[in-house]
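[1] Have a look at this prediction, sequence included:
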Amino acid sequence: MNRIPATVVTGFLGAGKTSLIQNLLRTAGGRRLAFVINEFGELGIDRELILGCGIEGCEDDDIVELANGCICCTVADDFLPSMKKLIERPEPPEHIIIETSGLALPKPLVQAFNWPEVKARSTVDGVIVVIDAAAVAGGRFADDPEAVARQRAADPNLDHENPLEEVYEDQLACADLVILNKSDLVSPADLARVRAEVTAVLRPGVKIVESRHGNLPASALLGLAAAAEDDLSNRPSHHDNETEHDHEDFESFAVALAPAADPQALEARILQAVEKFGVLRVKGFVEVPGKPLRHVIQGVGPRLVRHFDRPWKQGEARDGRLVVIGLKGLDRRGIEAEIRG
């Protein structure tokens, strides 16, 4: 029996994983795809954004959301049962796409493909790491250095290395393909520097490609045939000797958004909250009165983008919501007040 290939898409918050998957859907050429989405936070915004692509073949049953925590921490409880359901369908998918949260370590997930329940029916076609080239060029691939310094000062037991830096390095160590996304936001010289820095830590043979808005075709992303689960010894991790890890230095919450007659004013309030309260990531959508389409909002740090993605469905509640992600200790009341104005 042929094993179903699975592609793991990982990368830090706001790197462009969802945009990449939306473009993959558009260029899949009728291939039966299924998705496992590991949403970080209490609302399935990423799932909604993928369903909002409006592409034929993108059905509810083909998108599985794992919202109970980081996918690499809940492999046995969430991921393996979900994979079994997908691969045991009467008509199983031809390819499975797994989008991890920005905090996930890819290696525990790849290891799960050696479990008997999965190994006979599926294989890791490749691990794709999406990098925000502009953030890396600015030294912000992880978080605000001042926030890290404050965190270290407050916790004498904190490891001397930045935990987000370890996540970033673990993702690159496990990669079969690296995508330098948002390449249009950096100069050629800075892009060359980022490429050289990334290349220096990759295994031999790992390819690097550049993209804007995650605009790469399915043919470039699928069919890597890496069988990554059989190559674990060549994919080192900072956490190889640990039985578990956590991400208690992060938190997220959802802000309900009223209809926005002036989306630009809403954007200004969100950016003000990001700057004032040290927010790392926002993503969600809102109703714009008089417009038939849903308005999507996504941002990482001080960069925020907005666009209309799909028509509101007949009878659908037009409840706007924005997921806010940041380091532990976010001022929820202050952020909500700032955004709502």
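    It's in.

[2] Render the CA-only coordinates of whichever strand or helix holds Gly126 in CSV, please.
    In the assignment (DSSP states H and E), Gly126 maps to strand 122-132. The C-alpha coordinates for strand 122-132 follow below in CSV (Å, rounded to 0.1, in the frame of the first residue of the first chain):
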residue,chain,number,x,y,z
SER,A,122,1.9,7.9,5.8
THR,A,123,5.4,9.4,5.5
VAL,A,124,6.8,12.9,5.9
ASP,A,125,7.3,14.2,2.4
GLY,A,126,9.2,17.2,3.8
VAL,A,127,9.5,19.8,6.5
ILE,A,128,9.1,23.3,5.1
VAL,A,129,10.2,26.3,7.3
VAL,A,130,8.8,29.7,6.4
ILE,A,131,11.0,32.6,7.5
ASP,A,132,10.0,36.3,7.7
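
[3] Name every strand pairing with that strand and say which way it goes.
    strand 4-11 (parallel), strand 177-181 (parallel) (DSSP bridges).

[4] lowest-confidence stretch among those?
    Least confident of the strands paired with strand 122-132, judged by mean pLDDT, is strand 4-11 with a mean of 92.

[5] now the strands paired with strand 122-132 in JSON lines, with mean neighbour count and distance to Arg26?
    Quick note: C-beta positions are derived from backbone N, CA and C, even for glycine. Shown next, in JSON lines, are the strands paired with strand 122-132 (neighbours: other Cβ atoms under 10 Å; distance: least, Cβ to Cβ, whole Å):
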{"stretch": "strand 4-11", "mean neighbour count": "26", "distance to Arg26": "15"}
{"stretch": "strand 177-181", "mean neighbour count": "24", "distance to Arg26": "16"}
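
[6] can you pull out the helices in the stretch 1-150 of the chain?
    Assigned by DSSP state H, counting those that start in this stretch, the stretch 1-150 of the chain shows helices spanning 17-26, 45-51, 80-87, 106-111, 116-119, 133-137, 145-154.

[7] Mind listing residues that contact the third one?
    Contacting residues not belonging to helix 80-87 are listed as 4, 6, 34, 36, 64, 66, 92-93, 96, 112, 115, 117-118, 121-122 [Cβ atoms under 8 Å, 6 or more residues apart in numbering].

[8] For that helix, buried residues please.
    Buried residues in helix 80-87, counted by 16 or more other Cβ atoms under 10 Å: 80, 82-83, 86-87.

[9] If I take it and strand 4-11, what angle do their directions form?
    Relative orientation of helix 80-87 versus strand 4-11 (axes from the mean of the first three to the mean of the last three Cα atoms, to 10 degrees): 130 degrees.

[10] what's the answer for the first one, then?
    Following the same axes, to 10 degrees, one obtains 150 degrees for the angle between helix 17-26 and strand 4-11.

[11] That concludes my questions; thank you for your assistance.
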